[in-house]
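Asks: return a 3D structure for these sequence lines:
(one chain, ligands or ions: 1)
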Amino acid sequence: MKKITSTNKLDCIYFDYHSTTPVDQRVAEMLLHYMTTEFGNASSIDHIYGDMAKEAVAQASVNVANLVGASSKEVIFTSGATESINLVIQSNVSNNNSTKIRPRIAVLPVEHKAVLDTCNMIAKKNLADIINLQIDSKGRLNLDFLNKICDSGISLICIMAANNEIGNIYPIQEIGQIARKYNIPFLCDASQAVGKIPINFEEWGITYLALSAHKLYGPKGSGALVVRKGHQLNPILFGGGHQKGLRSGTLNVPGIVGLGEACRLRILEMDEDEKAIANLRDKLQNLLLDKVPGLVINGDVNNRLSGNLHISIPDVSNSAIIARVRQKLAISTGAACSSGVQAPSHVLQAMDLPTDIIDGALRIGIGKFTKLEEIEQAAEILSLAVQQTRQVMYC
Ligand SMILES: Cc1ncc(COP(=O)(O)O)c(C=O)c1O
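Replies: Here you go, the predicted model:
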């Protein structure tokens, strides 16, 4: 097996940081320590192995809470954002069904499938009404519509902090104010935003915040749900009653410690890293605009994640470009595809973009391990691929 110490050791430059990030070496060392040395079960109360694991988990909850401006008592560890999101939406529906009030969930149509498919499942079972929020062609939320719909009675608002395809950052503070005004719980999927932009759970009126460690240089299969004090949730996993009965199952101590350490490092390094990442993204954007005639930038360019560059080359299909560059550049057509079938992006469709923009869309994700020379190489490789594809198409 090849040992990867930076992201381009496979001779393929990694530009898919929205999909997942490499684990920071310092985090990986902690993971190893908690797998091999302090490997105890955090629920074992009869010996020091259990005590050490419990203490490590407590420290991780402090680190997670500190990064998102919450209290450590509000942190529940899960297997990732998908589970956190499912827990909130399914619980909201069962709570409302038990009071005989039909739940109405307001959802941003560009949410991740973890939100959309959970809502679809609930709608199919006829357990709730799902109300799509309005966006424009840049993916920006219509706040007036949100206000109006909240006035008509909503049981849960689901709006992400940042989008995983176009990188848009949503106005969480303003949404939180609306949620507070109407006393509606607000689920914010912050998987793409945590560790990249400042978040203040306590002050911003978020009720539930979902996150995944592997988006911020931590391990896969580890995440958290931050739950505002006083908000009741019904568990979806039953068993040993771990984490106040909200999420049974032996705690994944290495994963939790890894998440905590990744959060601690983000607190220290986020500002500087994100500035450097934004500079690299702007450099690549300018190089591509210069070298690739007809290239379009998608999403809200004035308010997007620093590591996001989402482009379309309308006359060239994204699959043709991917086929040409896949040995050299790890870029993506959009959301990661779990079924192996590449469907057109639901995000771009919800933005009502023309078919050629959707078919020519490419997502480039830049992260803290990206280097300037990789940006320059990417611009060369991509522009050459477009040129060669166009030669074949138009000759
Ligand atoms: C915005 C967003 N939400 C949720 C998820 C799901 O995260 P996980 O697969 O770690 O549960 C992802 C991962 O791609 C994401 O980008």
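Asks: CA atoms for contacts and neighbours, from now on please.
Replies: Fine.
Asks: gap between the residue in the stretch 201-350 of the chain that the ligand sits nearest to and residue 316?
Replies: Among the residues of the stretch 201-350 of the chain, residue 212 lies nearest to the ligand; the distance is 4.8 Å by CA to the nearest ligand atom. When distance is defined by CA to CA, to the nearest Å, residue 212 is 34 Å away from residue 316.
Asks: ok, those two, which is more surrounded?
Replies: residue 212 (30 against 19; other CA atoms under 10 Å).
Asks: ok, the residue lying closest to the more buried one once chain neighbours are set aside - contacts?
Replies: Nearest residue to residue 212, sequence neighbours excluded (CA to CA, 6 or more residues apart in numbering): residue 223, at 4.1 Å. Residue 223 sits next to 77-81, 84, 210-213, 256, 259 when contact means CA atoms under 8 Å, 6 or more residues apart in numbering.
Asks: weed out the non-buried ones from those.
Replies: 77-81, 84, 210-213, 256, 259 (16 or more other CA atoms under 10 Å).
Asks: quick one: these as TSV, columns for distance to residue 280, secondary structure and pLDDT too.
Replies: TSV is the format used below for the buried ones among the contacts of residue 223 (distance: CA to CA, whole Å; DSSP: H, G, I helix; E, B strand; the rest coil; pLDDT from 0 to 100):
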residue	distance to residue 280	secondary structure	pLDDT
77	33	strand	98
78	33	strand	98
79	32	coil	98
80	29	coil	98
81	28	helix	98
84	32	helix	98
210	28	strand	98
211	25	strand	98
212	24	strand	98
213	23	helix	98
256	31	helix	98
259	26	helix	98
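Asks: hang on, the earlier thing: and the gap between the residue of the stretch 201-350 of the chain closest to the ligand and residue 197?
Replies: 15 Å.
Asks: just to revisit the earlier point, return the set of residues that bridge with the residue nearest to residue 212.
Replies: Beta-bridge pairing of residue 223 under DSSP bridges involves residue 78, residue 212.
Asks: now do it, the pLDDT please.
Replies: Model confidence at residue 223, given as pLDDT, is 98.
Asks: ranges for the strands of the stretch 101-250 of the chain?
Replies: 104-107, 129-132, 156-158, 186-189, 208-212, 223-227 (DSSP state E, counting those that start in this stretch).
Asks: quick one: name the residues of this structure near the ligand.
Replies: Residues of the chain lying near the ligand by CA under 6 Å from any ligand atom: 19, 80-82, 112, 114, 163-164, 189, 191-192, 212.
Asks: highest neighbour count among the residues you listed?
Replies: residue 212 (30 neighbours).
Asks: so what's the residue count around residue 360?
Replies: Neighbour tally, residue 360, other CA under 10 Å: 21.
Asks: and if you look at residue 393?
Replies: Quick note: residue 393 (other CA under 10 Å) scores 10 neighbours.
Asks: helix or strand for it, which one?
Replies: Assigning secondary structure by DSSP states H and E places residue 393 in helix 372-394.
Asks: tell me what that helix is packed against?
Replies: Applying 3 or more CA pairs under 8 Å, 6 or more residues apart in numbering; DSSP states H and E, we find helix 372-394 packed against helix 253-291, helix 318-325.
Asks: for those helices, which one ends up most surrounded?
Replies: Mean neighbour count (mean count of other CA atoms under 10 Å) peaks for helix 253-291 among the helices and strands packed on helix 372-394, with a mean of 21.
Asks: on contacts alone, who are the packing partners of the helix or strand following that one?
Replies: The element immediately downstream of helix 253-291 (helix or strand, assigned by DSSP H and E) is strand 296-297. In terms of contacts (3+ CA pairs under 8 Å, 6+ apart), strand 296-297 is packed against strand 308-312.
Asks: run the angle between the helix-or-strand element of the chain with minimal mean pLDDT and strand 208-212 for me.
Replies: When each helix and strand of the chain is scored by mean pLDDT, DSSP states H and E, helix 81-98 comes last, with a mean of 91. Interaxial angle, helix 81-98 versus strand 208-212 (axes from the mean of the first three to the mean of the last three CA atoms, to 10 degrees): 150 degrees.
Asks: same question for helix 81-98: list its buried residues.
Replies: Residues 81-96 are the ones in helix 81-98 that count as buried (16+ other CA under 10 Å).
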